[in-house]
Each structure stands twice: as structure tokens, then as C-alpha cells.
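S.K.: structure for the following, please:
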Amino acid sequence: MNKAVFDTNVYVSALGFGGLPEHLLRLATGPGRQFELYASPDILKEIIKVLGSEKFNFSQEEIADAISVIDDAADVIIPGIKLNIIKHKPDNRILECAIKAKADYIVSGDKHLRTLKEYKGIRSITPAQFLALLEKER
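M.R.: I've put the predicted structure just below:
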């Protein structure tokens, strides 16, 4: 089974706008899950910060519900490493989690992560590319 780490923007899109990111989040949940999803405490903290920002203005209850959805879908792990590979520093936390999880994919809409393309066998792809890959493997 494929292992993936979602970038914060994929979670925020899933929780705030639905569509393809929400569909992918659902595919990681329950007994019929189609891939293993991983997150870290640092990723969760960033999601909480973004959802609570003026741009999204989620209430504390909505943020708690959002984190509960992520907890149902993702295994939260502690990377235990610090990297400085990506120039946009916050994106390194995604890579750290992916390395610890031995992930196959980082799923992101972020150009900083996607320009990485691959790092130590971990491919960085868009949500649409990841869905196409999952559908191909069914």
C-alpha cells in the first residue's frame, strides 16, 4: 500500500473547500482506505494556525473538528529529524515527516515542494496526479 504525506495546503483545501483534496482525505479513512497517510505534530500545528487565521477564520470548534478528521485519516508520527533542504523553511517539516514514514509520495499544490520532484525516493506530486495513480492501481 502506498504511503503519503499531505502538505498543509492539501489539508486546508480538503477541510475548507472540499473537492479533490477532500476526496483524497476520505480515501485514507476507514477499512477500505486506499493508502496510508501520515502527519506530524508540526504539520498539525501549521494546519491549526492556518485554519484559525483571518483568511479562513475557523472557530475553535471547527478547528477541533478538522483535526479530528485528520486524526481519523492519518497516523501522526514524530519525525525526530530536522532538515534544511527546501528554501521555504516550513516545507521541510513535510519532508521530515515523509522520510520518517518512509513515504512514497508527498502530495502538494505548493511549488516549493513540487519543484523538489523527488528526494530519497519520495516523489512530490499534485493531488490530481496522486488520484490518477491510485485509480491506476485499483
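S.K.: so what's the residue count around residue 100?
M.R.: 16 (other Cβ atoms under 10 Å). (Each C-beta comes from the backbone N, C-alpha and C, glycine too.)
S.K.: for it, pull up the helix or strand it's in.
M.R.: Following DSSP states H and E, the helix or strand that holds residue 100 is helix 92-101.
S.K.: please, where are all the helices along this structure?
M.R.: Using DSSP state H, the helices of the chain run over 8-16, 19-27, 41-52, 60-73, 92-101, 111-114, 127-137.
S.K.: could I get the buried residue list for the helix holding residue 100?
M.R.: 92-101 (16 or more other Cβ atoms under 10 Å).
S.K.: now stretch 124-135
M.R.: Buried residues in stretch 124-135, counting neighbours by 16+ other Cβ under 10 Å, are found at 124-125, 127, 130-131, 133-134.
S.K.: just to revisit the earlier point, adding distance to residue 2, write the helices of the chain out as CSV.
M.R.: Formatted as CSV, the helices of the chain follow (distance: least, Cβ to Cβ, whole Å):
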stretch, distance to residue 2
helix 8-16, 15
helix 19-27, 10
helix 41-52, 18
helix 60-73, 14
helix 92-101, 11
helix 111-114, 17
helix 127-137, 7
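S.K.: now distance to residue 80 and mean pLDDT too, for those, in CSV please.
M.R.: Listed next are these as CSV, based on distance: least, Cβ to Cβ, whole Å; pLDDT from 0 to 100:
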stretch, distance to residue 80, mean pLDDT
helix 8-16, 20, 94
helix 19-27, 25, 94
helix 41-52, 11, 95
helix 60-73, 20, 94
helix 92-101, 7, 92
helix 111-114, 20, 70
helix 127-137, 26, 93
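S.K.: can you list the residues that contact the helix holding residue 100?
M.R.: 3, 5, 7-8, 36, 38-40, 42-43, 46, 75, 77-86, 103, 105-106, 108, 113, 116, 119-120, 122 (Cβ atoms under 8 Å, 6 or more residues apart in numbering).
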